[in-house]
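Trainee: Pasted the sequence and its predicted model underneath.
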Amino acid sequence: MRITMLLVCLAACLAAAAPSRTQEIKDGGALLTAMHDRYKDTWYESVVFKEKAITINPDGTTKTEIWDEVLVMPGKLRINIGPSSEGNGLIFLDSNLTRFKSGKNLGTQHFVHMLLVLGFDVYRQSAATTVDQVKAEGFDLSQIHEEKWDGEDCYVVGAANGDLKSKQFWIEKKRLLFVRLIVPDEKDPAKFHESRFKGYQQLAGAWISTRVEFDTGGKNVFNEDYFDIKANTKVDPALFDLTRFNETSIFSDTKK
């Protein structure tokens, strides 16, 4: 009888606790915290990959290039645009963006890469840091509701139900993974940019989106398809040296 009573009490406690866990996600800050807590002990620290960078021209024709990328969390992303030997690319580092052409540094500007923050960094840095970054970029974390997206229940942060004009991001509810970002154009508020993470696959105890789609003004203008994905590689710090953009391949500079 004593065991039976204990089981009954345990069941009652679990039943009472379940609604409270659901109710914890009542704003964007709580959601970002939940994302961090879900994967903070399992999310990979770095990833290198190749991508098919597909540009869709206004006339419908496409151009495809193979790019190399290396990502170290939080806040470090290097992209070799085209053949590595040409020395063209980008380095995102500590909320700044530096562009390189033919190995030459073209200058640095402040830039918070929200796809990097919401798709990767959120799981590897403190929740408070992510909340501060998202707030500083103008997202209203007090606005949150739920909608369906690609057949999955999602949290939508930054906009009310039916509002597709405000700055907002979408997080799949089941796995707490980033899936959609909508932001108005800085020069033309009537024009909107939309980015989507699709084709999630498991990777080293976590997940990675293998396709990213970019729309401008409701038209698909650019896509990225990732392959040769390797997690938790040893990354040469020289890859993020802003005084030079070495011409070697990212993959030759990284080791498992």
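Mentor: Looks like it came in fine. In this text the structure is predicted, and so the values were computed from the model without any measurement.
Trainee: Tell me who's in contact with the residue nearest to K63 when sequence neighbours are not counted.
Mentor: Spatial nearest neighbour of K63, excluding adjacent residues (CB to CB, 6 or more residues apart in numbering): T55 at 4.5 Å. C-betas here are computed from N, CA, C, even on glycine. By CB atoms under 8 Å, 6 or more residues apart in numbering, the residues touching T55 are 62-64, 221-222.
Trainee: are any of the residues you listed buried, and which?
Mentor: Buried members of these, scored by 16 or more other CB atoms under 10 Å, are F222.
Trainee: D132: neighbour count?
Mentor: As a burial measure, D132 scores 12 neighbours (other CB atoms under 10 Å).
Trainee: Just list what whatever helix or strand it lives in packs against, helices and strands only.
Mentor: Using DSSP states H and E, D132 sits in helix 127-136. The contact analysis (3 or more CB pairs under 8 Å, 6 or more residues apart in numbering; DSSP states H and E) places helix 127-136 against helix 28-39, helix 114-119.
Trainee: Relative to M114, how far out is the residue nearest to K63?
Mentor: 21 Å (CB to CB, to the nearest Å).
Trainee: Equivalent analysis for N57, please.
Mentor: Distance, N57 to M114, by CB to CB: 26 Å.
Trainee: Which helix or which strand is home to F227?
Mentor: Assigned by DSSP H and E, F227 belongs to strand 219-231.
Trainee: For that strand, name the packing helices and strands.
Mentor: Using 3+ CB pairs under 8 Å, 6+ apart, strand 219-231 is in contact with strand 46-56, strand 206-216.
Trainee: in that strand, what's buried?
Mentor: 222-226, 229-231.
Trainee: Of those residues, which is the nearest to F92?
Mentor: Nearest to F92 among the buried residues of strand 219-231 is E224, at 14.7 Å by CB to CB.
Trainee: my guess is the closest one meets R211, correct?
Mentor: Yes: the pair E224 / R211 is scored as a contact, 6.8 Å apart, by CB atoms under 8 Å.
Trainee: residues contacting the nearest residue to F49 once chain neighbours are set aside?
Mentor: Ranked by CB to CB, 6+ apart and with sequence neighbours excluded, the top spatial neighbour of F49 is I229, at 4.3 Å. Listed by CB under 8 Å, 6+ apart, the contact set of I229 reads 47-49, 203, 208, 210.
Trainee: Try it again at 7 Å.
Mentor: 47, 49, 203, 208 (CB atoms under 7 Å, 6 or more residues apart in numbering).
Trainee: Repeat that for L141.
Mentor: Applying CB under 7 Å, 6+ apart, we find L141 in contact with 27-29, 131, 134-135, 157.
Trainee: next structured bit after the helix holding D132?
Mentor: That would be, after helix 127-136 and using DSSP H and E, strand 144-149.
Trainee: returning to what we had before: just name the closest of the contacts of I229 to N96, please.
Mentor: Among the contacts of I229, and counting by CB to CB, the member closest to N96 is V47, at 20.7 Å.
Trainee: For that closest one, the count of nearby residues, please.
Mentor: 24.
Trainee: One more: the one 5 residues further on?
Mentor: Applying the criterion other CB under 10 Å, we find 14 residues in the vicinity of K52.
Trainee: Tell me who's in contact with the residue lying closest to it once chain neighbours are set aside.
Mentor: Using CB to CB, 6+ apart and skipping residues adjacent in sequence, the residue nearest K52 is D225, 4.3 Å away. Residues counted as contacts of D225 (CB under 7 Å, 6+ apart) are 51-52, 210-211.
Trainee: Among the residues you listed, which one has the most neighbours?
Mentor: E51 (21 neighbours).
Trainee: Surely S85 is within a helix?
Mentor: Yes: according to DSSP: H, G, I helix; E, B strand; the rest coil, S85 belongs to a helix.
Trainee: how close does it sit to R124?
Mentor: According to CB to CB, S85 and R124 sit 32 Å apart.
Trainee: higher neighbour count, those two?
Mentor: Legend: neighbour count by other CB under 10 Å for S85 and R124, higher for R124 (19 against 11).
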